[in-house]
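Asks: predicted coordinates and the sequence they were generated for:
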Amino acid sequence: MNNPYAYKRDNTLATGFLVVEVRTDPAFGPSIPVRGVNIIVSRTINSQTQIIEEAITDEAGQTVTFELEAPPEVLSQEEFNEQRPYATYTIEATSNDYVSVVVSGTQIFANVKSIQSINLVPKEELSTSENIHTDVIENINIEPSTLYGDYPPKIPEREIKDVAGTGFIVLSEVVVPEFVIVHAGSPNVNNAPNYTVRYKDYIKNVASSEIYPTWPRECIKANVIAINSFTLNRVYTEWYRNQGKWFTITNSTAFDHAFVYGRDIFDSISQIVDEIFDIYVKRPGVLQPLLTQYCDGRYSSCPNWMTQWGSKALADDGLSAEQILKFYYGNDIQILSAPTVQGIPESFNGVTLKVGSSGAAVRTIQQQLNRIAQVYSNIPKVASDGVYGQSTADAVRAFQKTFHLTQDGMVGKSTWYKISEIYVAITKIAALI
């Protein structure tokens, strides 16, 4: 076996970054950070396993940021490169009170921070027979990027679904759901598992699986909007439920998108998704989101659809995300925000909160941050007085650092919805909304 780190162009290695964050599995109650978990980062080369880093999670359930070897960034920029443009590592999480988890294949790109989230199941939740075996381990294997691995091409569908048929049920408006249910296989494979995933986490997972995080920002934005629009079409038309299926979407690239359970998310992609998770494409005079199909453009071709490598080339030439989408889907498309975001106490009103702001929206943020601070003790508590002072800005900045947002101390769209999301997750009030 050849050493995957011995690159043909030269022997220069770059540096990528990794943060591991550990929370309790939301299937067993509120999702809260787990402190004191032992994290081991290793890699295997020529059948030899080497421990690279070891750390203990802090009060936010996170490790320090590891610096890890990665291939040169240029490998992820060249369409016809044959070498794997990222390094892979194994992450092991162990704790006396939780089932151990081993994640194999965490992907590290040059100059990019990867966020490897791990959900731990309390050992007390195991059955009696399972508890007899103290070496119970959950193994998660991360599949290769679709731009590098071998995946089936998308089967073409009509970009606007005919929902006029008898008995076909659609939503009354475009809605960003709180969760999607992902079927891990072809829609016709009934025994494949289903995963309930927060909508934004689903989009981040798909984008991290299907494009490279080193690509230009406008390229990533165009691809995220296409993933949004496709997914919201499945939600709006209730496509699979109208076929008697109990899921929203599949992880088969022949039908939908690549979703890889348990994979790491790239910081550059995560921040963009937080900004534009509710943005989608539609045709004039049609309510439903456009089924924005696409392909890689190298291993498969798709006339009249966006290609991922083609979108990168256009972004390299200076085109914006909107220009890229219009290049592929036509100048008549409209790019809009969904009117409804489910699972949050209150929608963002479009006004960024910062030092000097005051009023009910500020008080809402202060109250939610204080509740979050009961679980994430690294976030300072503030007075719920409706006045956005420096102490509120400091609390917001601590929150932003914990959840991988731009640390500007202001509450714009991304931070507003992330605070709402975490508040709901730890208080479990979503079912009451």
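Replies: Looks like it came in fine.
Asks: drop to CA atoms for contacts and neighbour counts, all remaining ones
Replies: Noted.
Asks: I'd say Asn251 and His183 touch.
Replies: Yes. With contact defined as Cα atoms under 8 Å, Asn251 counts as touching His183 (6.2 Å).
Asks: now do the helices in this structure.
Replies: Secondary structure of the chain (DSSP state H): helices at 128-132, 199-210, 217-237, 267-276, 308-316, 321-329, 360-373, 390-402, 413-427.
Asks: for Pro152, which of the ones you listed is the nearest?
Replies: For the helices of the chain, the distance to Pro152 is smallest for helix 199-210, at 12.8 Å, taking Cα to Cα.
Asks: hmm, back to that, settle it for me: which of Asn251 and His183 has more neighbours?
Replies: His183 (24 against 20; other Cα atoms under 10 Å).
Asks: enumerate every residue touching that one.
Replies: 192-195, 247-251 (Cα atoms under 8 Å, 6 or more residues apart in numbering).
Asks: now do 10 Å
Replies: Counting by Cα atoms under 10 Å, 6 or more residues apart in numbering, His183 touches 189-196, 245-252, 259.
Asks: buried members of those into PyMOL, please.
Replies: A single PyMOL command selects the buried members of the contacts of His183 (16 or more other Cα atoms under 10 Å):
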select buried, resi 194+247+248+249+250+251+252+259
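Asks: just the ones of the contacts of His183 in strands?
Replies: Among the contacts of His183, the members falling in strands (DSSP state E) are 194-196, 249-250.
Asks: quick check, nearest of those residues to Arg363?
Replies: Checking the ones in strands among the contacts of His183 one by one against Arg363 (Cα to Cα), the nearest turns out to be Thr196, at 31.8 Å.
Asks: count of residues packed around the closest residue to the closest one other than its chain neighbours?
Replies: Nearest residue to Thr196, sequence neighbours excluded (Cα to Cα, 6 or more residues apart in numbering): Ile181, at 4.5 Å. For Ile181, the count of nearby residues is 17 (other Cα under 10 Å).
Asks: mind checking how far Ile181 is from Gly149?
Replies: 24 Å (Cα to Cα, to the nearest Å).
Asks: so how far is the first residue of stretch 115-124 from its last?
Replies: End to end - Cα to Cα - stretch 115-124 spans 27 Å.
Asks: I'd like the average pLDDT over it.
Replies: Stretch 115-124 comes out with an average pLDDT of 95.
Asks: what's the answer for stretch 161-168, then?
Replies: Averaging pLDDT along stretch 161-168 yields 69.
Asks: just for the stretch 151-300 of the chain, where's the confidence low?
Replies: Applying pLDDT under 70 to the stretch 151-300 of the chain flags residues 165-169.
Asks: again, 90 this time
Replies: Low-confidence segments of the stretch 151-300 of the chain (pLDDT under 90): 161-173, 298-300.
Asks: now do the contacts for the residue sitting nearest the centre point of the chain.
Replies: By Cα atoms, centre = their mean, the chain has its centre lying nearest to Lys204, at 2.1 Å. Residues counted as contacts of Lys204 (Cα under 10 Å, 6+ apart) are 224, 227, 259, 264-267, 269-274, 277.
Asks: the closest residue in space to Gln107 that isn't next to it in sequence: neighbouring residues, count only.
Replies: Nearest residue to Gln107 in three dimensions, chain neighbours excluded: Thr88, at 4.8 Å (Cα to Cα, 6+ apart). Using other Cα under 10 Å, the number of residues around Thr88 comes to 21.
Asks: so Thr88 makes contact with Ile142?
Replies: Yes. Between Thr88 and Ile142 there is a contact under Cα atoms under 10 Å: 9.3 Å.
Asks: that's all I had, so thanks and see you.
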